[in-house]
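Asks: 3D model of this:
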Amino acid sequence: MGRVRLRAAKESDMSSIRTYIERFQLDDENMSFEQFIVAEKGSRIVGFGRIKHYESCYELACLGVLEPYRNQEIGAAIVKKLMEVFPDNEIWITTDIPKYFERFGFELAKDAPQEIKDKIKGVCHAKHRPDAVIMSLRKS
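Replies: Now for the predicted structure:
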């Protein structure tokens, strides 16, 4: 990963994060800087991830890495860090790349909290992600 560091997002990062979330067509609902961690190379944000709070659960969300920095394990580092600090034992994700998340132990969910089901029906389809699925992982 060389010279990329992970840190908590700052309010001043949100302009860049919003731009990348729009470009990658990720979930832009109810965002605040406190929900994000960023991967930074020099002074440039090259990746990010989010813990999104719902009424009954939390979701690991909005994982994104800028194209020139992909396939360098930056996304994996972000996922591992978010899993480490995740505030609940049950980690939910919605994704259209389930194979990527299987390597961390996520499995297709047989059932999910209603908020996560609603996200699949609403946000994922609105963002042109019709193949999105719900996955979960129980932390040990």
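Asks: Geometric centre of this structure: which residue is closest?
Replies: Closest to where the C-alpha atoms of the chain average out (C-alpha atoms, centre = their mean) is A61, at 2.7 Å.
Asks: Following element in sequence after the helix or strand of the chain with the lowest mean pLDDT, please.
Replies: When each helix and strand of the chain is scored by mean pLDDT, DSSP states H and E, helix 125-126 comes last, with a mean of 66. Sequence-wise, the next helix or strand downstream of helix 125-126 (DSSP states H and E) is strand 133-138.
Asks: Partner strands of that next one, with direction?
Replies: strand 90-95 (antiparallel), strand 107-108 (antiparallel) (DSSP bridges).
Asks: can you list contacts of the first one?
Replies: In other words, strand 90-95. Residues from elsewhere that reach strand 90-95 (C-beta atoms under 8 Å, 6 or more residues apart in numbering): 27, 57-61, 83, 101, 106, 109, 112-113, 116, 119-120, 123-124, 132-139. Quick note: C-beta positions are derived from backbone N, CA and C, even for glycine.
Asks: what's the answer for stretch 10-21, then?
Replies: 9, 26-28, 31-33, 36, 38, 45, 48, 62, 64, 66.
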